[in-house]
Structures are given as structure tokens and as C-alpha cells.
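Student: all I have is the shape, not the residue letters:
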């Protein structure tokens, strides 16, 4: 059985505040899901990887906790235009995280969706990813120049501030072949991640690596069972 990677992603990690949307996840629940999967997945031949998207305040403390206590590879997907804004991590936070062994990925300049739409509905991705939220008021298709700006400017900004970011995370997980090729051709990245809910294996395209979005639409037990069922479905025989 070939070792595979299963990547899960969280958004807002809350310590005390009550959840306001399905993307808000209480800190203890998120940590417990990671801990349980970290213990269970090796039995299925899968390694665990964790992403925290958008660079929100509190992600730094949570990432260090997961990395230090569980030794699980952890990455933060950063929207460069939000760095230092109210409620977001600063450049000093990112530099400290990087020195601590936390990976940093680019999530674009402004979190603009790079994908295409049909009657305000996101077109299916090649892997059949499910996208339930629309971009921040922007429903139009970006121009090729705008797409390349989001991809390249974010990488350049991070590099200028001594942040290594060899991976790109598609905002909202939305991508197609043209967008994937734009990331690859940019020369800044070695990988790119979507939100396609399957495990990663040796056949996965390095510029369309899957991630499973974990939110509060399911209980902790339901998420664990769902993820374990995915490993059985896609496990190498």
C-alpha cells in the first residue's frame, strides 16, 4: 500500500466566541479532530496534513500547538493584501511561524475567485469539488491579467518579506485547467491546492492537490467517519 496524504483545512478557529457561520470552528473541536485523525490515519496508510486558510489572528497559536504537540505538518494560506489588517496576522507573526517550522502558502492578493461562472453558479471542477460560498461580492470572470496578478504579486510580496511560499492555494478552492496552468507557468510555485474532497496520492497533479474543508456542518464524530470512509474509497489496493 502506497502512503497517501490526506489534507484537511480549517478557516476561523474560535477560542471563546460563539460560531457565526459554518466556517467557524471551536478551538477544542478542531484540535480533537486533528488529534483523532493523526492517531487513526496511519492504520489506513495515510499521512495527515493541516491547512489554516486566510491568515486570521489566532491561527499562529493554533498552528504552533498542532505542530509542536502532534508533529503534524501544518501550513497557513495567506492573503497578502490582508496581512497586518485588523484581525489578521502580521509579517512578524509569519516570520516567527516560518522559523517554528510552520509552512506558508500564498492565497492570492485579495482572495478573489479565479474561477469561471455560469449564471452566477461556479462551474464544476475536474474533481467535482463542492463550493457552497460565493466570492466576496465578485461574480464576474477575472481577466487573464487579473488572474496572473493574484498569482504572481502575492508570491513576489512574500518573497520580498523573506517568506518562503512554494505552494498556492486557490481562493475558494476554485480552479480550472487555465488557472492551474497559470500557476504552474508563473514559476513561483511547486504545488497548488484545491478543495477537492479526496486523498492525495502519487497520481495527483501537483498543481491540483486535494484538501477537505472541515466546518461545523457536521459533528466531530461525523467528520472523522466521513474522512475514514474516503480513505477506504481511495486507498491503493
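Tutor: It's in. Every value quoted in this text rests on a predicted model; they were computed, and no experiment measured them.
Student: so how many other residues sit close to residue 159?
Tutor: 13 (other CB atoms under 10 Å). C-beta coordinates here come from the backbone N, C-alpha and C atoms, glycine included.
Student: do the same with the one 10 residues further on
Tutor: Residue 169 has 28 neighbours, counted by other CB under 10 Å.
Student: so it touches residue 189, yeah?
Tutor: No. With contact defined as CB atoms under 8 Å, residue 169 does not count as touching residue 189 (10.0 Å).
Student: joint contacts of the two?
Tutor: residue 106 (CB atoms under 8 Å, 6 or more residues apart in numbering).
Student: secondary structure element holding residue 156?
Tutor: Using DSSP states H and E, residue 156 maps to helix 144-160.
Student: buried residues in stretch 22-36?
Tutor: 23-27, 29-31, 33-34, 36 (16 or more other CB atoms under 10 Å).
Student: among those, which ones are in strands?
Tutor: 24-26 (DSSP state E).
Student: dump those residues into CSV; add pLDDT as well.
Tutor: As requested, these are arranged in CSV below (pLDDT from 0 to 100):
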residue, pLDDT
24, 88
25, 89
26, 92
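Student: dump these to a markdown table, plus distance to residue 59.
Tutor: Below are these laid out as a markdown table (distance: CB to CB, whole Å):
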| residue | distance to residue 59 |
| --- | --- |
| 24 | 13 |
| 25 | 12 |
| 26 | 14 |
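Student: please list all residues in contact with the residue nearest to residue 88 when sequence neighbours are not counted.
Tutor: Distances taken as CB to CB, 6 or more residues apart in numbering place residue 82 nearest to residue 88, at 4.5 Å, with adjacent residues excluded. Residue 82 makes contact with 54-55, 88, 111 under the criterion CB under 8 Å, 6+ apart.
Student: most neighbours, which of those residues?
Tutor: If you count neighbours using other CB under 10 Å, the busiest of these is residue 55, which has 25 neighbours.
Student: contacts only, for the closest residue to that one other than its chain neighbours.
Tutor: Nearest non-adjacent residue to residue 55, counting by CB to CB, 6+ apart: residue 78, 4.3 Å away. For residue 78, the contacting residues are 54-55, 89, 94, 104-107, 154, 158, 163, 165, by CB under 8 Å, 6+ apart.
Student: out of those, which is nearest to residue 41?
Tutor: Distance to residue 41 across the contacts of residue 78 (CB to CB) is lowest for residue 105, with 21.4 Å.
Student: give me the phi and psi angles of the nearest residue to residue 228 once chain neighbours are set aside.
Tutor: Excluding the flanking residues, the one nearest residue 228 by CB to CB, 6+ apart is residue 40, at 6.6 Å. Backbone geometry at residue 40, expressed as degrees, to the nearest 10, gives phi -90, psi -40.
Student: residues near residue 40, how many?
Tutor: Count around residue 40 with other CB under 10 Å applied: 15.
Student: same question for residue 79.
Tutor: 23.
Student: so which of the contacts of residue 78 are in strands?
Tutor: 104-106.
Student: which strand or helix spans residue 47?
Tutor: strand 46-53.
Student: that strand: partners in the sheet, and parallel or antiparallel?
Tutor: strand 4-10 (parallel), strand 74-78 (parallel) (DSSP bridges).
Student: all good on my end, thank you.
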